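> Here is a sequence together with a model predicted from it:
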Amino acid sequence: MKRLREVAPGVLVATSDYATTTSTVVAAPDGGCLLIDPAVTAADLTGLAGDLAGAGLRPRAGFATHPHWDHVLWSSDLGDVPRYASAGAAAAAGRERAGMISELEQEGPGHDLSLFGRLTALPDGADCIPWDGPVAQLIVHDGHAPGHAAVFFPATGVLVAGDMLSDIEMPILDTGMPGQLGSYRAGLSRLAAVEGVRWVVPGHGHVGDAAEYHRRVANDLRYLDLLEAGQPFEDPRTGTANWLAEWHEKQLRIIHQG
């Protein structure tokens with residue numbers, strides 16, 4: 001894992017070698033911090049905990065942007081704190097726990113399963129993460145996964161987008177959910193409507209500035225339009241990993257058949 005890097009005042013991002021997965025830390029003035037999507041390997045989490053301690057930061061709360069195995073991880077080294085998620089995401093994590101554990105054991109074994117996916121559901125309609133640091137506004141939708149939630153920090157203009165607005169992954173639909181193309185488009189529209197974004201942090205990929213945020217919104221909308229048209233097309237992001245090329249073809253097939 002690449003060490004924590006400050007991308008805006010009090011906002012730090014670490015990046016795992018696994019799928020270029022980001023972990024976001026937002027510091028409060030007293031040294032407490034909010035930890036979003038800590039990932040991915042057990043060694044990553046140990047290193048992250050050490051880096052936080054070295055920086056004088058103590059996790060006060062965690063947040064999972066969505067119910068996929070690589071976004072609901074935790075370690076005892078990070079402390080016993082509430083780990084929040086949207087109501088929809090927490091419910092889905094409970095329903096899909098066995099399947100997520102199977103994926104975890106295949107892709108990133110060695111975690112403490114007693115801590116895996118143990119999320120506290122926020123009330124339906126909650127618009128902020130309840131913690132005593134910088135205001136963390138929630139943007140909840142069902143694109144990519146049930147109850148997916150981006151987090152916007154208006155004080156710094158940082159948008160933690162979850163598994164959307166990536167520079168290395170095209171939009172990835174939950175192909176098991178009916179109407180997912182429309183849900184993804186609605187979620188993307190909500191992200192595009194956020195005012196004051198100065199930095200975007202995707203769940204997988206690289207931090208981008210305001211111009212890059214707008215470029216990614218436009219790229220993803222274009223991808224959805226082409227996908228809906230049902231004709232074969234290319235996107236440079238599908239070439240970054242074999243599984244992305246395969247998922248792109250699967251999405252084309254499903255949308256065209258649907």
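Alright, I've got the coordinates.
> contacts, neighbours, all on C-alpha from now
Will do.
> got a list of what residue 118 touches?
Residues counted as contacts of residue 118 (Cα atoms under 8 Å, 6 or more residues apart in numbering) are 72, 83.
> any idea whether it is helix, strand or coil?
Residue 118 falls in the coil class when you classify it by DSSP: H, G, I helix; E, B strand; the rest coil.
> how near is it to residue 46?
18 Å (Cα to Cα, to the nearest Å).
> before we move on, what about residue 126?
31 Å.
> Looking at stretch 50-67 now, give me its mean pLDDT.
For stretch 50-67, the mean pLDDT works out to 97.
> got the residue ranges for the strands in the protein?
2-8, 11-15, 22-27, 32-36, 58-63, 83-85, 120-121, 137-141, 148-153, 158-162, 199-202, 208-209 (DSSP state E).
> all helices of this structure, in order?
Assigned by DSSP state H, the chain shows helices spanning 42-54, 87-95, 97-107, 180-192, 210-229, 242-257.
> quick one, which of these is nearest to residue 200?
With Cα to Cα as the measure, helix 210-229 is the member of the helices of the chain nearest residue 200 (5.9 Å).
> centre of the chain versus that closest one, how much separation?
What separates the centre of helix 210-229 from the centre of its chain is 18 Å, taken as Cα atoms, centre = their mean, to the nearest Å.
> Repeat that for stretch 51-68.
The chain centroid and the centroid of stretch 51-68 are separated by 14 Å under Cα atoms, centre = their mean.
> ends of that stretch, how far apart?
This stretch, stretch 51-68, spans 25 Å end to end (Cα to Cα).
> buried sites along that stretch?
For stretch 51-68, a neighbour-count test (16 or more other Cα atoms under 10 Å) marks 52, 57-68 as buried.
> Which member of those is positioned nearest residue 202?
Checking those one by one against residue 202 (Cα to Cα), the nearest turns out to be residue 65, at 10.7 Å.
> for the closest residue to that closest one other than its chain neighbours, what are its contacts?
Spatial nearest neighbour of residue 65, chain neighbours left out: residue 149 (4.9 Å); criterion: Cα to Cα, 6 or more residues apart in numbering. By Cα under 8 Å, 6+ apart, the contact set of residue 149 is 65-66, 85-86, 138-141, 161-162.
> can you put the strands of the chain in CSV and add distance to residue 100?
Shown next, in CSV, are the strands of the chain (distance: least, Cα to Cα, whole Å):
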stretch, distance to residue 100
strand 2-8, 25
strand 11-15, 22
strand 22-27, 19
strand 32-36, 18
strand 58-63, 17
strand 83-85, 16
strand 120-121, 17
strand 137-141, 21
strand 148-153, 16
strand 158-162, 17
strand 199-202, 21
strand 208-209, 29
